[in-house]
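**Q** the amino acid sequence is not available; the structure is as follows:
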């Protein structure tokens, strides 16, 4: 039994062992499935996107924490229960004010750098280019299927002849400074096709080659995309996983919001009962109100993080993407059973349109995301 294990971006044959697997499972078309120049360009932008995303998420989280800490410190310093301490120690009062101001300033700097600065823009630019190169890999196969699965060795060689020029042309387009905005404004998906497809006479193709391509497409395009989206919807068994899939993150933030809300209700109840049985100006009332206010600040911070990271939108988008991809798989298998070659190609092209639409929606979500306090 082989110990080969798929890893991220195996669909582009980027990892060690991927090439051997392709030659083992799809010997007739493996050479055409491996595109070293595209992989090299993809790796460049993928590595940049990952690095920038990590820094962006880290700064976003830190920004939320700092602003919550600043508000918390200000509320504590101005709360009635702590008035004797603050009034009797001017140095303490000034120190708390300065600390709150510095925390707020740090939060603004980090938030501005993430949401309105170059780091976020560079992350999205590289993420877009990397995903569009993935699209190019599969679109080029579809557009040149008549060469790839031709019965003529001369025709097959044409598949490789223009690959370098196509990659050069597409990279020039993708790296254009205005391309990200072009995709953001692409309401009718005009940018979906990077390579023009053509009508294909299936009777003229090598049927064994075509059968391999169908198996490859199901494994590395339909199922690969569906499984990735589904992974984002899965949750770990642990109660509060702060990092992990989108579902993990969204569940953690929502759970903490619920706990904070429940705490506010309990503390408000305590404050009301203390007003009735102890007195409206009692220390119990004041502390309960202060703690409820602090939980309210924390709740707002959690909601700001969820909105700023686009967690709900990302989760919803992946849910739709996984469902629609599963539908395309079913349609493709039905077309296979009917021997409908044209129908299969149409569904494969529809998968490419869907992949572009998902990328565009991702880009829109994170281009318009804002922290809101």
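**A** That came through fine. Note that the structure is predicted; figures quoted are calculated from it, not measured.

**Q** any idea which element residue 169 lies in?
**A** Assigned by DSSP states H and E, residue 169 falls within helix 163-174.

**Q** relative to the whole chain's centre, how far out is stretch 305-322?
**A** 8 Å (CA atoms, centre = their mean, to the nearest Å).

**Q** cool, and stretch 210-228?
**A** 21 Å.

**Q** and the helices in the stretch 101-250 of the chain?
**A** Taking DSSP state H, counting those that start in this stretch to define them, one finds helices in the stretch 101-250 of the chain at 118-143, 145-148, 153-161, 163-174, 179-184, 207-217, 223-233, 246-277.

**Q** nope, the stretch 251-373 of the chain is what I meant
**A** According to DSSP H, counting those that start in this stretch, the helices that the stretch 251-373 of the chain contains are 283-309, 311-338, 341-368.

**Q** out of these, the one nearest residue 215 is which?
**A** Counting by CB to CB, residue 215 lies closest to helix 311-338 out of the helices of the stretch 251-373 of the chain; the figure is 10.2 Å. The way it works is simple: take the backbone N, C-alpha and C, and place the C-beta from them, glycine included.

**Q** for that closest one, packing partners?
**A** Contacts defined by 3 or more CB pairs under 8 Å, 6 or more residues apart in numbering; DSSP states H and E place helix 311-338 against helix 223-233, helix 246-277, helix 341-368.

**Q** ok so, going back, out of the helices of the stretch 101-250 of the chain, nearest to residue 311?
**A** Of the helices of the stretch 101-250 of the chain, the one closest to residue 311 (CB to CB) turns out to be helix 246-277, at 4.5 Å.

**Q** let me see the mean pLDDT of the closest one.
**A** Averaged over helix 246-277, pLDDT sits at 87.

**Q** run the angle between that helix and helix 283-309 for me.
**A** 160 degrees (axes from the mean of the first three to the mean of the last three CA atoms, to 10 degrees).

**Q** got the buried residues for helix 246-277?
**A** By neighbour count on 16 or more other CB atoms under 10 Å, the buried set for helix 246-277 is 246-253, 256-257, 260, 263-264, 267, 270-271, 274-275.

**Q** rewinding a little: got JSON lines for the helices of the stretch 101-250 of the chain, with distance to residue 285 too?
**A** Converted to JSON lines, the helices of the stretch 101-250 of the chain look like this (distance: least, CB to CB, whole Å):
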{"stretch": "helix 118-143", "distance to residue 285": "44"}
{"stretch": "helix 145-148", "distance to residue 285": "75"}
{"stretch": "helix 153-161", "distance to residue 285": "78"}
{"stretch": "helix 163-174", "distance to residue 285": "61"}
{"stretch": "helix 179-184", "distance to residue 285": "51"}
{"stretch": "helix 207-217", "distance to residue 285": "67"}
{"stretch": "helix 223-233", "distance to residue 285": "45"}
{"stretch": "helix 246-277", "distance to residue 285": "5"}
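
**Q** out of the ones you listed, nearest to residue 326?
**A** Using CB to CB, the helices of the stretch 101-250 of the chain put helix 223-233 closest to residue 326, at 5.6 Å.
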